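In: for reference, the sequence and a predicted model appear below.
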Amino acid sequence: MKEKNKTKAIDVSLAAQVSDKVEIVNVLLKQSSCYRKPEAGKTKIGLEIKCDIKHEVDKKNSIIIVFPDFRLKGYHEKQQKEEPILNIEAVFVLIYRISSFTDLGKEHFEAFANTNGIYNAWPYWREYVQNTIARMGLPPLTIPVFRIVKPAEKPIKKTTKSKKQTS
């Protein structure tokens with residue numbers, strides 16, 4: 001069953017109950033795309049980074065599959081309402097083997113996908129962007145670390161906004 005998760009506060013204790021029972025088996029790049037406009041390397045760029053998470057639970061094969069869908073858009077620094085001058089997208093597949101489904105429900109898997117899934121995929125996303133930017137002939141760009149915020153402070157969102165300069 002495929003589910004698209006909505007941005008909301010995540011109960012990390014639910015995710016922890018799943019993470020105690022899993023081992024990561026593989027991380028794959030499912031699909032990707034990128035483009036840049038010629039002016040992308042000649043101006044300061046404001047970045048917007050978003051991630052949507054989907055997941056599947058396959059009880060027959062004892063696996064959980066998480067699909068982080070990352071999108072980076074770069075705009076002229078002061079014109080984020082216009083068409084992006086830089087776009088990088090990548091969907092990864094994270095496959096986890098689970099030892100037991102005992103006492104785990106839909107909410108556990110959703111919390112796991114939205115915490116562990118994105119956290120485990122983030123380094124692959126960062127590396128993909130860094131290499132893609134270099135292959136596009138643009139100045140180096142480092143994606144910030146993924147930060148988990150305590151639910152009491154602020155809900156965890158799968159959307160990250162960052163201002164970076166690529167020139």
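Out: Cool, got the structure.
In: distance check, residue 128 against residue 61.
Out: Residue 128 sits 27 Å away from residue 61, going by Cβ to Cβ, to the nearest Å. Glycine gets a C-beta too; all of them are placed from N, C-alpha and C.
In: looking at these two, which one has more neighbours?
Out: Neighbour count, other Cβ atoms under 10 Å: between residue 128 and residue 61, residue 128 has more, with 21 against 9.
In: ok, now which ones touch that one?
Out: Listed by Cβ atoms under 8 Å, 6 or more residues apart in numbering, the contact partners of residue 128 are 29, 32, 88, 90.
In: distance of it from residue 107?
Out: 30 Å.
In: number of nearby residues for residue 110?
Out: By other Cβ under 10 Å, 23 other residues sit near residue 110.
In: tell me the buried residues in the one helix or strand it maps to?
Out: Taking DSSP states H and E as the criterion, residue 110 maps to helix 106-112. Using 16 or more other Cβ atoms under 10 Å as the test for burial, helix 106-112 gives 108-112.
In: distance to residue 67 and pLDDT for these - can I get that in JSON lines?
Out: Shown next, in JSON lines, are the buried residues of helix 106-112 (distance: Cβ to Cβ, whole Å; pLDDT from 0 to 100):
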{"residue": "108", "distance to residue 67": "18", "pLDDT": "96"}
{"residue": "109", "distance to residue 67": "13", "pLDDT": "97"}
{"residue": "110", "distance to residue 67": "13", "pLDDT": "96"}
{"residue": "111", "distance to residue 67": "16", "pLDDT": "95"}
{"residue": "112", "distance to residue 67": "13", "pLDDT": "96"}
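In: mind listing the helices in the protein by residue range?
Out: Along the chain, counting by DSSP state H, helices occupy 12-19, 106-112, 118-135.
In: what does the average pLDDT come to for the last one?
Out: For helix 118-135, the per-residue pLDDT values average out at 95.
In: just the buried residues of that helix, please?
Out: Buried-residue list, helix 118-135, by 16+ other Cβ under 10 Å: 118, 120-122, 124-126, 128-129, 132-133.
In: what angle do it and helix 12-19 make?
Out: 90 degrees (axes from the mean of the first three to the mean of the last three Cα atoms, to 10 degrees).
In: what's the neighbour count on the closest residue to residue 33 other than its chain neighbours?
Out: Using Cβ to Cβ, 6 or more residues apart in numbering and skipping residues adjacent in sequence, the residue nearest residue 33 is residue 89, 5.0 Å away. Applying other Cβ under 10 Å, we find 16 residues neighbouring residue 89.
In: and the gap between the closest residue to residue 138 other than its chain neighbours and residue 21?
Out: Closest residue in space to residue 138, ignoring its immediate chain neighbours: residue 41 at 5.0 Å, by Cβ to Cβ, 6+ apart. As for residue 41, its distance to residue 21 is 46 Å (criterion: Cβ to Cβ).
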